[in-house]
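J.: Just need the structure, nothing else, for what follows:
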Amino acid sequence: MSIQFRCPSCQQLLSIATRKAGQEVFCPSCTTEVRVPSLDEAASGESLTAAELSIPPEVRERTAVEADDEAPQVRLKKREFTADGLDMTPMVDVTFQLLIFFMLTAAFSTQKSLETSAPQPEDEGAAQSVTLEDLASESIVVTITTDDQILVDDEPVAGLAELRDVLALKMASESKNELLIEPAYEAKHGTVVAVTSAAIDVGMQRVRRISRKDDD
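T.: Okay, the predicted model is just below:
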């Protein structure tokens, strides 16, 4: 048994099975969603007129089959896929910030320079002769042995830190502001430079150096 009625939109005659009474179906002709009359409405004769009932049964059955087979149209929203990628902008920003940080906080070591000046005689062409004894009497004598041991006026010094203290004490007590370095021929150049730097640090006005090769 089927319920027959016309589509309100296109007036197509529809024949729907009674199990779909009161439900919404799509018209096979215009795809409009229409409501199937209930059984009470169909029994009262409000669905079809007498002229509509004169349609051959095979036509009504074919229309009913088409209406039953019509599936509701479901529109699926198309998903938009975005290509996966790695944004390098934050990484570049962090790199530049680290670069600026290290540039500002890096400690630049300054190299000490030892200024030396050539001897300038008071009178042009005049020769000046100064003996080693005169230099030793006017200066604090620092001796460097072959094994790089440091002696101040023949007194051994433990290291460079103690050397600075001894030189400062002798400058104050003996009123001497000149230093005479007498390294052994086999002494390391680094030790000589370290002693010279220590003398400059304590305020020595003049630093001289003599070197003698021992006769074997």
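
J.: Give the helix, strand or coil label for Gln4.
T.: Gln4 carries the three-state label strand when classified by DSSP: H, G, I helix; E, B strand; the rest coil.

J.: Any idea what it is bridged to?
T.: Ser15 (DSSP bridges).

J.: Can you check the pLDDT for it?
T.: pLDDT for Gln4: 78.

J.: Quick check: longest helix in this structure by residues?
T.: helix 89-105 (DSSP state H).

J.: as a whole number, average confidence for stretch 165-179?
T.: pLDDT averaged over stretch 165-179 gives 87.

J.: before we move on, back to that, quick one: name whatever helix or strand follows the longest helix of the chain.
T.: Later in the chain than helix 89-105, the nearest helix or strand by DSSP states H and E is helix 132-138.

J.: May I see the buried residues of that next one?
T.: Within helix 132-138, no residue qualifies as buried by neighbour count (16 or more other C-beta atoms under 10 Å). For every residue, glycine as well, the C-beta is placed using N, CA and C.

J.: Do a quick rundown of the strands in this protein.
T.: 2-6, 13-17, 24-26, 33-35, 140-144, 150-152, 155-157, 178-183, 206-209 (DSSP state E).

J.: Is there a neighbour count for Gln11? I'd like the number.
T.: As a burial measure, Gln11 scores 10 neighbours (other C-beta atoms under 10 Å).

J.: if I look at it, how far off is Glu33?
T.: When C-beta to C-beta, to the nearest Å is the yardstick, Gln11 and Glu33 sit 16 Å from each other.

J.: where does this structure have low pLDDT?
T.: Scanning the chain for pLDDT under 70 picks out 1, 42-84, 107-130, 212-216.

J.: how does it divide up, domain by domain?
T.: Listed by automatic domain parsing, the domain ranges of the chain are 2-69, 132-209.

J.: Leu99 is nearest to which of those?
T.: For the domains of the chain, the distance to Leu99 is smallest for domain 132-209, at 34.5 Å, taking C-beta to C-beta.

J.: now do the same end-to-end measure for the closest one.
T.: Terminal residues of domain 132-209 lie 11 Å apart, using C-alpha to C-alpha, to the nearest Å.

J.: what's the answer for stretch 9-23, then?
T.: Stretch 9-23 has its terminal residues 17 Å apart, counting by C-alpha to C-alpha.

J.: For it, buried residues please.
T.: Within stretch 9-23, the residues that count as buried by 16+ other C-beta under 10 Å are 12-16, 21.

J.: What of stretch 161-170?
T.: 163-164, 166-167, 170.

J.: With distance to Thr196 as added columns, please give those in TSV.
T.: Listed next are those as TSV, based on distance: C-beta to C-beta, whole Å:
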residue	distance to Thr196
Leu163	11
Arg164	12
Val166	15
Leu167	11
Lys170	16
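
J.: ok, Gln205 to Leu179 distance?
T.: The gap separating Gln205 from Leu179 is 9 Å, by C-beta to C-beta.

J.: Thanks again, I'm all set now.
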